[in-house]
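Asks: Structure for the following, please:
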Amino acid sequence: SLTGGGCTPPEVSALAGGVVWLTNLAAVNEGRLSFLADGTNSLVDLRALQHSAATQYPVAFEARNGGTIWIPQLPGGPTVQVALKSGGILPVAQMQRLGGITVSGMNVPFPVLTNLDAGFLSVSNAGAVSAPNLRTYAGSLICGAQPWTITGSNSVADLSNLQQLTGSACDALQLRALAG
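Replies: The predicted structure follows:
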């Protein structure tokens, strides 16, 4: 297992075609963690990762510019955040619970996502997100909720099956559609 840090998270990065093999890592524990694959043929291989035990700090996965974060078994978690930008590859079809979604310039379906409670959503640059099984959303119990922001022409968040939306304890849930 891997345990993150406090104020400054450890970042595992594969850049400009670099490769990081963490093929036997089955779990991440509490603490801030960040994984990044940036650039064609860049790969962070976490094929055995099946569990995130983090409940207080973000565990972030970002694939961009043709990079790949390979986490085909991870079902997500309350603080797991995923970001897909400019042709990044990161399997999300198995993810049931997330703490944040960022999509830029891509169409990304989340077919089994049922829980984004207290999470954020950001879609931009003609990106699209769909979550047909997301039916309820409950805001954070702590202050400082991040808005849901959909920015730019042809950017879409299809949450058409969402039936119940509850704000946070001390902040209004902000849903923003900008510059489109």
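
Asks: Name the helix or strand of the chain that has the lowest mean pLDDT.
Replies: When each helix and strand of the chain is scored by mean pLDDT, DSSP states H and E, strand 164-166 comes last, with a mean of 84.

Asks: Which secondary structure elements does that strand sit against?
Replies: strand 136-138 (3 or more CB pairs under 8 Å, 6 or more residues apart in numbering; DSSP states H and E). For every residue, glycine as well, the C-beta is placed using N, CA and C.

Asks: Show me which residues of the strand it packs on are buried.
Replies: Using 16 or more other CB atoms under 10 Å as the test for burial, strand 136-138 gives Y137.

Asks: Same check on stretch 90-104?
Replies: Buried-residue list, stretch 90-104, by 16+ other CB under 10 Å: L90, V92, M95, R97, L98, G99, G100, I101, T102, V103, S104.

Asks: do the same with stretch 156-170
Replies: Using 16+ other CB under 10 Å as the test for burial, stretch 156-170 gives V156, A157, L159, S168.

Asks: can I get the residues you listed in CSV with pLDDT and secondary structure?
Replies: Formatted as CSV, those follow (pLDDT from 0 to 100; DSSP: H, G, I helix; E, B strand; the rest coil):
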residue, pLDDT, secondary structure
V156, 96, strand
A157, 96, strand
L159, 95, coil
S168, 76, coil
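
Asks: Turn these into JSON lines, columns for distance to P111.
Replies: Shown next, in JSON lines, are the buried residues of stretch 156-170 (distance: CB to CB, whole Å):
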{"residue": "V156", "distance to P111": "16"}
{"residue": "A157", "distance to P111": "15"}
{"residue": "L159", "distance to P111": "13"}
{"residue": "S168", "distance to P111": "27"}
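
Asks: ok so, going back, in its sheet, what does the least confident helix or strand of the chain sit against?
Replies: strand 136-138 (parallel) (DSSP bridges).

Asks: So which residues make contact with the strand it pairs with?
Replies: Contact with strand 136-138 is made by L116, D117, A118, L162, Q163, Q164, L165, T166, as judged by CB atoms under 8 Å, 6 or more residues apart in numbering.

Asks: again, but for stretch 38-46
Replies: Contacts for stretch 38-46 (CB under 8 Å, 6+ apart): 12-23, 25, 35-37, 62-71, 74.
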